[in-house]
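1. Sequence and predicted model, in that order:
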Amino acid sequence: MMYFAPWKIALIAVLCIASVIFSIPSFFPAAQVATWPNWLPKRQISLGLDLRGGAHLLLEVDTGVVLRERLEAVVEGARNELRQARIGYTNLGVSGSNGVALRLRDPAQAEQARQLLAKLGNPVQSTAGLGFGAAQTDLQINVAADGQIRMTLSEAALQERARSAVTQSIEIVRRRIDQTGVAEPTIQRQGNDRILVQLPGVDDPERIKRLLGTTAKLTFRMVDTNADPNMPAPAGTEILEGDKPRVPNAPAERFVVKRKVEVAGDNLVDAQAGYDQRSGQPIVSFRFDTVGGKRFAEITQQSVGLPFAIVLDNKVLSAPVIREPILGGSGQISGNFSVTEANDLAVLLRAGALPAPLKVVEERTVGPDLGEDSIRAGLISIAVAACLVVVYMVLAYGLFGLFADVALLVNLVMTLAAMSLLQATLTLPGIAGLLLTLGMSVDANVLINERIREETKLGKSPIAAMSAGFSRAFSTIFDANVTTLIKMALLYALGSGTVKGFAVTISIGILTSMFTATVLVRLMMVTWLRQRRPTLLPV
């Protein structure tokens, strides 16, 4: 217990020196660290939103839009199936919050209609009860004797679509944020239908909100040139407004656009902002995959001389007339864009469309000045706390208290080094965790010193008192730290954002304090004891 082999002493020294080296980069600006030689460590502790400044957004996914789109797809599919089978019907449309209804002209065709409409269902995996892994359809079809048919989405389908929409939204939000170049964003699910987005260092949160608030559903559809946009839209079409008026302060131009999507934005593989070689105006060039390029070539071959609407979120960006077939699978979008608008549109198209709109339900912006004030206050708090602990330990335990103070400083350095290696994020609660670690790290030394004091009063020799003090205090120290680690694990698992930062800081501090209190302090005491050979311990 009180003997250290030379290789153990060397290992402890190497570990302490390495901790100092790996903690140094966190005390210098990132730009300066980047210029250091490659053989030097460069990993730094990341500063959280509350210390670095930036934007905090809580977004809510409007899953109701996904449901409405599915119901509208069922309506369109039912219309096509019944027309092709020459089955007469009336009053086809969305009924209620999750259903589609229609009435057959001839109730005798009910079974034939039911079989055709069953094809519109999409498989849904059920994991409930005995149906684990069984494929089920998302449509439940009820046929009445009078020819009334009602199709409703099952509860399993509703839950699956909502879950899928939120999961897909998180991935697309992450892509969009990555395209803007924001470093170390935090993007995570919160609750059933919300997404937490934290963006440290963002100086233009409004642009980020615009990017995240745009669904970016791009479609290419034909324009009905025979319909009047000032009259009700014919069946199978809808009236959409232009993205921008041609003349400032004038009403937006209206287009009668067919509902059928000729080419979807899902087939895009690339989009880049650029300039038109003829006009010099900012444009967005795009490129389709093989399937989209083939379909784009087919529709442009069949529609030479007709306007082709490029629709983004139910707004017509442009409706150019197809002059000649476009066979290369690429094209461009022009719409009186500014340079920023063209860049943002390219980002949106590259990242993909959101399955449902996102609504900002909470927004906070932290300025960098406030972050600097928090860092300054945190450092002052740590310095004051460290001084008070150092003075108290020396007054209470003398030389052994001084050993504990040295271990305290090494513990702080080791905590910073571990956080740098892990590139953990330091938040304001994390600074509070460092303060708490300072107090917790000397608790072990207090227990050890009190045990040594008791053993000394019983008349034991210095070496026996020290050995008994460490061995008997270890179980108490171990149990106390394990219970705290369990609490921190629960905080990390159930908490979010800054709460996780607090849990990480405390956990690292506990692990390093176990080493410094039970190993480093013991080494210093044993070294002093063998050199001085005292008859009485200074406690």
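-> Right, received. Where do you want to start?

2. tally of neighbours for residue 528?
-> A count of nearby residues for residue 528, using other Cβ atoms under 10 Å, gives 15. The C-beta positions use only the backbone N, C-alpha and C, and glycine is treated the same way.

3. Would you report the backbone torsion angles of residue 208?
-> phi -60, psi -40 (degrees, to the nearest 10).

4. Just give me the neighbour total for it.
-> Neighbour tally, residue 208, other Cβ under 10 Å: 20.

5. and it, how far is that from residue 395?
-> Residue 208 sits 53 Å away from residue 395, going by Cβ to Cβ, to the nearest Å.

6. Check residue 115 too.
-> Using Cβ to Cβ, residue 115 is found at 90 Å from residue 395.

7. for residue 141, same thing?
-> To residue 395, residue 141 is 83 Å away according to Cβ to Cβ.

8. Quick check: the residue nearest the centre of the chain vs residue 491, distance?
-> Nearest residue to the geometric centre of the chain (Cα atoms, centre = their mean): residue 187, 1.5 Å. Computed with Cβ to Cβ, the distance linking residue 187 and residue 491 is 20 Å.

9. How many residues are close by residue 194?
-> By other Cβ under 10 Å, the residues close to residue 194 number 17.

10. How about residue 271?
-> 21.

11. Could you report the pLDDT at residue 132?
-> In this prediction, residue 132 carries a pLDDT score of 39.

12. do residue 77 as well
-> Looking at residue 77, its pLDDT stands at 88.

13. quick one, what contacts it?
-> If you count contacts by Cβ atoms under 8 Å, 6 or more residues apart in numbering, residue 77 has them with residue 120.

14. Work out for me the element it sits within.
-> In this structure, residue 77 is located in helix 63-84 according to DSSP states H and E.

15. Check the offset of that helix from the chain's centre.
-> Here the centre of helix 63-84 is set off from its chain's centre by 32 Å, with Cα atoms, centre = their mean, to the nearest Å.

16. Can you give me the neighbour number for residue 137?
-> Here the count is done by other Cβ under 10 Å, and residue 137 has 17 residues near it.

17. State the next helix or strand along the chain beyond the helix or strand of the chain with the lowest mean pLDDT.
-> Sorting the helices and strands of the chain by mean pLDDT, DSSP states H and E puts strand 134-137 at the bottom, at a mean of 60. Following strand 134-137 in sequence order, the next helix or strand is strand 139-143 (DSSP H and E).

18. domain assignment for this protein?
-> The chain resolves into domains spanning 6-53+368-532, 63-160, 214-364 when parsed by automatic domain parsing.

19. Let me have these in CSV, adding distance to residue 181 as columns.
-> Below are the domains of the chain laid out as CSV (distance: least, Cβ to Cβ, whole Å):
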stretch, distance to residue 181
domain 6-53+368-532, 15
domain 63-160, 29
domain 214-364, 10
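
20. which residues sit in contact with residue 498?
-> Counted by Cβ under 8 Å, 6+ apart, residue 498 has contacts 48, 50, 427, 428, 429, 430.

21. from the residues you listed, which has minimum pLDDT?
-> residue 50 (72).

22. which residue sits closest to that residue, ignoring its sequence neighbours?
-> residue 428 (4.5 Å; Cβ to Cβ, 6 or more residues apart in numbering).

23. Could you verify my assumption that that neighbour touches residue 51?
-> Yes - using Cβ atoms under 8 Å, residue 428 is in contact with residue 51, at 6.3 Å.

24. The two - which one has more neighbours?
-> Higher neighbour count among residue 428 and residue 51: residue 51, with 26 against 20, using other Cβ under 10 Å.

25. My assumption is that that one lies in a helix; please confirm.
-> Yes - counting by DSSP: H, G, I helix; E, B strand; the rest coil, residue 51 is part of a helix.

26. Stretch 252-264: end-to-end distance?
-> Terminal residues of stretch 252-264 are spaced 24 Å apart (Cα to Cα, to the nearest Å).

27. Can you tell me what sits against that stretch?
-> Stretch 252-264 is contacted by residues 76, 218-224, 227-230, 233-234, 236-246, 288, 292, 295-296, 299, 308-309, 311, 316, 319 when judged by Cβ under 8 Å, 6+ apart.

28. Let's see that with 6 Å instead.
-> 219-224, 227, 229, 233, 236-242, 245, 292, 295-296, 299, 309, 316, 319 (Cβ atoms under 6 Å, 6 or more residues apart in numbering).

29. Now find how far off-centre that stretch is within its chain.
-> So, by Cα atoms, centre = their mean, the centroid of stretch 252-264 is 34 Å from its chain's centroid.

30. Tell me which stretches of the stretch 101-250 of the chain form helices.
-> 110-118, 155-180, 205-213 (DSSP state H, counting those that start in this stretch).

31. would you turn the ones you listed into TSV with distance to residue 83?
-> Below are the helices of the stretch 101-250 of the chain laid out as TSV (distance: least, Cβ to Cβ, whole Å):
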stretch	distance to residue 83
helix 110-118	11
helix 155-180	25
helix 205-213	38
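
32. How many residues are close by residue 167?
-> The burial count for residue 167: 13, using other Cβ under 10 Å.

33. thinking again about what came up before, show me what the residue nearest to the centre of the chain is bridged to.
-> The partner list for residue 187 in beta bridges (DSSP bridges) reads residue 197.

34. residues contacting it?
-> Residue 187 touches 173, 174, 197, counting by Cβ under 6 Å, 6+ apart.

35. Of these, grab the buried ones for ChimeraX.
-> Per 16 or more other Cβ atoms under 10 Å, the buried members of these correspond to this ChimeraX selection:
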select :173,174,197
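
36. Out of the contacts of residue 187, which is nearest to residue 487?
-> For the contacts of residue 187, the closest approach to residue 487 (Cβ to Cβ) belongs to residue 197, at 28.0 Å.

37. Residue 339: neighbour count?
-> Count around residue 339 with other Cβ under 10 Å applied: 11.

38. and what of residue 82?
-> Residue 82 - counted by other Cβ under 10 Å - has 21 other residues nearby.

39. That one against residue 88, yeah?
-> No - under the criterion of Cβ atoms under 6 Å, residue 82 makes no contact with residue 88, lying 7.9 Å away.

40. Verify the contact between the residue nearest to residue 50 and residue 374 for me.
-> Yes - in this structure, residue 428 is within contact of residue 374 by Cβ under 6 Å, at 5.4 Å.

41. before we move on, the earlier item: who's more crowded, residue 115 and residue 395?
-> Neighbour count, other Cβ under 10 Å: between residue 115 and residue 395, residue 115 has more, with 12 against 9.

42. follow-up on the earlier one: can I have the buried ones of the contacts of stretch 252-264 as a ChimeraX selection?
-> In ChimeraX, this line selects whichever of the contacts of stretch 252-264 come out buried by 16+ other Cβ under 10 Å:
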select :219,220,221,222,223,224,227,233,237,239,240,242,292,295,296,299,309,316,319
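
43. Downstream of the helix holding residue 77, the next helix or strand is which one?
-> Going down the chain from helix 63-84, the next helix or strand is strand 89-95, by DSSP H and E.

44. Now do the contacts for residue 13.
-> Contacts of residue 13 by Cβ under 6 Å, 6+ apart: none found.

45. returning to that earlier point: ok, now how distant is the residue nearest to residue 50 from residue 434?
-> Here the criterion is Cβ to Cβ. By it, residue 428 lies 11 Å from residue 434.

46. try residue 290
-> From residue 290 to residue 434 the distance is 55 Å (Cβ to Cβ).
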